[in-house]
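Participant: Sequence first, then the predicted structure, then my questions.
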Amino acid sequence: MKLWRTPFDQDPTAEPPGYVFIDKDRCKGCGYCVEYCPRGVLEMGKELSSKGYRLAKVNDGVKCLACGFCELICPEFALKLTLNNKKPVNN
């Protein structure tokens, strides 16, 4: 089927607009970020924090749209969204 315009996600060489960094010291494993991510970028991992909480992890960072919802919904401010895969300055 021929489309009259190219979809945004069709180009496989496009760089993802953002990346989610998780502060392992702050994450308490509530799972809000995993539950409410519209693209399924995050998942609950098997790794435990120093306090015994099961940590969230980035499952598929290529699908991240940099919407910032994970950063807004985290009650512990454990997530930091950066644009163009640049590491945050404070980490």
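Facilitator: Right, received. Where do you want to start? All values derive from a computational prediction rather than experimental measurement. Numbering: from 1, shown residues only.

Participant: Return the distance of the biggest strand by length in the chain from the chain's centre.
Facilitator: The residue-count maximum for a strand in the chain (DSSP state E) belongs to strand 42-48. Computed by CA atoms, centre = their mean, to the nearest Å, the chain-centroid distance of strand 42-48 equals 12 Å.

Participant: Stretch 58-74 now?
Facilitator: The answer for stretch 58-74 is 3 Å, by CA atoms, centre = their mean.

Participant: Kindly report the same for stretch 24-33.
Facilitator: Offset of stretch 24-33 from its chain centre (CA atoms, centre = their mean): 12 Å.

Participant: can you tell me the distance between the two ends of that stretch?
Facilitator: 14 Å (CA to CA, to the nearest Å).

Participant: per-residue confidence for the spatially most central residue of the chain?
Facilitator: With distances taken as CA atoms, centre = their mean, Val20 lies nearest the centre of the chain, 3.9 Å away. pLDDT, Val20: 87.

Participant: so it sits right up against Leu79, yeah?
Facilitator: Yes: if you go by CB atoms under 8 Å, Val20 and Leu79 touch, sitting 5.7 Å apart. Any C-beta I mention is one placed from the backbone N, CA and C, and that applies to glycine too.

Participant: who touches both of these two?
Facilitator: Cys33, Cys70, Glu71 (CB atoms under 8 Å, 6 or more residues apart in numbering).

Participant: about what we covered before: could you give the average pLDDT over the longest strand of the chain?
Facilitator: Rounded mean pLDDT across strand 42-48 is 92.

Participant: Using CSV, list the CA coordinates for the helix or strand following that strand.
Facilitator: Going down the chain from strand 42-48, the next helix or strand is strand 54-58, by DSSP states H and E. Extracted in CSV, the C-alpha atoms of strand 54-58 (Å, rounded to 0.1, in the frame of the first residue of the first chain):
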residue,chain,number,x,y,z
ARG,A,54,12.8,-4.1,43.1
LEU,A,55,14.0,-1.5,40.5
ALA,A,56,12.4,-0.4,37.3
LYS,A,57,14.6,-0.6,34.2
VAL,A,58,14.6,0.6,30.6
